[in-house]
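Task: produce atomic coordinates for the following.
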Amino acid sequence: MKKKHEYCCPIDATISLIGGKYKSIILWHLIGKILRFNELQKLVPCATAKMLSQQLRELVQDGLINKVIYPVAPPKTEYSLTEHGNSLIPVLDAMCSWGKKIIVTS
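Residues are numbered from 1 along each chain as shown. From the prediction side, this is the model:
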């Protein structure tokens, strides 16, 4: 069982879950979609396969995404948002809107 983490504030709790280098981007691409590893790799080209795997593993452990492995050759793995992950959509939308303003003014 995972040890309960103590947070100094609500923002600390949020950042601890989505603050990884590519976690927010992964979550954004999974909104309303089921994607395979290779599809995610194309959508997050800056991430190495090792880093993408690590970020996905952490998101699964934190209950934000589902990982389904189909027993076929070669193995087929699909990722999707959990209900808990879907609850982050307003946060991700706000981050996207804020980021668009930064891009326009830069």
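
The spatially most central residue of the chain: helix or strand, and which one exactly?
Geometric centre of the chain, nearest residue: L27, 3.3 Å, by C-alpha atoms, centre = their mean. Taking DSSP states H and E as the definition, L27 sits inside helix 23-29.

biggest helix in the protein by residues?
Assignment by DSSP state H gives helix 89-105 as the longest helix of the chain.

CA atoms of that helix as PDB?
Output of helix 89-105 as PDB, limited to C-alpha atoms (Å, rounded to 0.1, in the frame of the first residue of the first chain):
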ATOM      1  CA  ILE A  89      -9.500  18.400 -17.300                       C
ATOM      2  CA  PRO A  90     -10.600  21.800 -16.000                       C
ATOM      3  CA  VAL A  91      -7.000  22.300 -14.600                       C
ATOM      4  CA  LEU A  92      -5.500  21.200 -17.900                       C
ATOM      5  CA  ASP A  93      -7.900  23.500 -19.900                       C
ATOM      6  CA  ALA A  94      -6.900  26.400 -17.700                       C
ATOM      7  CA  MET A  95      -3.200  25.600 -18.200                       C
ATOM      8  CA  CYS A  96      -3.700  25.500 -21.900                       C
ATOM      9  CA  SER A  97      -5.600  28.800 -22.000                       C
ATOM     10  CA  TRP A  98      -2.900  30.500 -19.900                       C
ATOM     11  CA  GLY A  99      -0.200  29.000 -22.100                       C
ATOM     12  CA  LYS A 100      -1.800  30.400 -25.200                       C
ATOM     13  CA  LYS A 101      -1.700  33.900 -23.800                       C
ATOM     14  CA  ILE A 102       2.000  33.500 -23.000                       C
ATOM     15  CA  ILE A 103       2.700  32.300 -26.500                       C
ATOM     16  CA  VAL A 104       0.800  35.200 -28.100                       C
ATOM     17  CA  THR A 105       2.600  37.800 -25.900                       C
END
